[in-house]
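> Predicted coordinates and the sequence they were generated for:
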Amino acid sequence: MFFAEVLLSCLIEAPLLPPIVFRNHSTSTPRRKAVRESAALPAHPAPAPLAQRASKTRMKLVGLTGGIACGKSTVTKLLRSAGIAVIDADEIAHSVTARGAWGYRRVVAAFGPSILSSDGQLDREALASLVFRDAALRRRLNSATHPAVGLELARQILVAWLCCRPVVVVDMPLLFESGFARLTHPTVLVACSPAVQLQRIMRRDGLAPPAAEARIAAQMPLEAKRKLASICLDNDGDHEALAAQVQQLVQRLWRRAWLHRVVLSPLGLVAAAAAIALLW
Ligand SMILES: CC(C)(COP(=O)(O)OP(=O)(O)OC[C@H]1O[C@@H](n2cnc3c(N)ncnc32)[C@H](O)[C@@H]1O)[C@@H](O)C(=O)NCCC(=O)NCCS
Ligand SMILES: Nc1ncnc2c1ncn2[C@@H]1O[C@H](COP(=O)(O)OP(=O)(O)OP(=O)(O)O)[C@@H](O)[C@H]1O
């Protein structure tokens, strides 16, 4: 993800941010607390002032994450149907590991041709069963895929900025693990209870309990993510309950979006340059 950070920092005015130090909920200022309460979304510790200042100097880049099978893709669909641009890191990971692509070549170099199925594509099921039970192999897969994922992610964010998108959500399972969260604000977590998570992953992927538990254990624990996220969507209920929370989130994201659209978009920057040139 480092490539993405460097490119974005150059292109969208944001300096490389130092790690964010999160404040405890109880130390929030009254104003910030009021804003969160008015949004009526479950709120978690607020990010440090530096992250907030940086977020005002670039396109509004929102991080969306959650435990495996907690409902990120479901939230992504709801956001997209509400007109919000969402960049999906899983989709990118699939496209950069398609046969012949840069990520594909790196994975084959790292794991050998035995990881290919008879049609020459990556055997994703075999790869998943390897990496979700072995942390060293998972690190090897991450090293092989993440440079290509980071570059494509940066390209898609640049395209969204050039299209004057005021709000862009990045759906990334490893948002906190990869450090990419430092470039996003707010960070939104989709969470559910361990029992519901296990049941959903077993049902969706047809996994037995040990395999499902291994996949859950391959990521940062949900409780740790809760402490890092600035907004939490509770997905223990039905689809309607989730949709209602997403609707509130959408309203909150559109707030002050005009500032990003008008002032910090390419059009805004061209207009500012033209005005300066005229006044010179
Ligand atoms: C392991 C792979 C082959 C499994 O492919 P598959 O099509 O079965 O699953 P899919 O890509 O849809 O991922 C499903 C979920 O698994 C989890 N997951 C995927 N990769 C990882 C990983 N490296 N570490 C922890 N969890 C992961 C995420 O929650 C993701 O949403 C694939 O996920 C992969 O290539 N992963 C490495 C790239 C990566 O890190 N992707 C995550 C986005 S950056
Ligand atoms: N509120 C809900 N009620 C019932 N089922 C749900 C709900 N939310 C999500 N699901 C189901 O749970 C499963 C996991 O959801 P989803 O695919 O959105 O999770 P994800 O976080 O994107 O997963 P992954 O980490 O594997 O990409 C899916 O089968 C989805 O239909």
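Now that the structure is in, tell me what you want to look at. Ligands and ions are numbered 1, 2, ... in the order given.

> got the residue ranges for the helices in the stretch 1-150 of the chain?
Per DSSP state H, counting those that start in this stretch, the stretch 1-150 of the chain carries helices over the ranges 2-11, 30-39, 49-55, 72-81, 89-96, 102-111, 124-131, 135-162.

> residues in contact with the residue nearest to Gly67 when sequence neighbours are not counted?
Nearest non-adjacent residue to Gly67, counting by Cβ to Cβ, 6 or more residues apart in numbering: Leu222, 4.5 Å away. Using the backbone N, CA and C atoms, a C-beta is placed for each residue, glycine as well. Each residue near Leu222 by Cβ atoms under 8 Å, 6 or more residues apart in numbering is listed here: Gly66, Gly67, Cys70, Ala191, Pro194, Gln197.

> Of those, keep whichever come out buried.
Applying 16 or more other Cβ atoms under 10 Å to the contacts of Leu222, the neighbour count classes Gly66, Gly67, Cys70, Ala191, Gln197 as buried.

> quick check, the last one in a strand?
No. The assignment for Gln197, made by DSSP: H, G, I helix; E, B strand; the rest coil, is helix rather than a strand.

> these two touch, right, it and Ile68?
Yes. Here Gln197 lies in contact with Ile68, judged by Cβ atoms under 8 Å, at a distance of 7.5 Å.

> could I get the helices of the stretch 1-150 of the chain as TSV with distance to ligand 2?
Formatted as TSV, the helices of the stretch 1-150 of the chain follow (distance: least, Cβ to the nearest ligand atom, whole Å):
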stretch	distance to ligand 2
helix 2-11	19
helix 30-39	20
helix 49-55	24
helix 72-81	3
helix 89-96	5
helix 102-111	18
helix 124-131	10
helix 135-162	14
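
> quick one on the thing from earlier: now, which of the contacts of Leu222 lie within strands?
In this view, these that belong to strands under DSSP state E are Gly66, Ala191.
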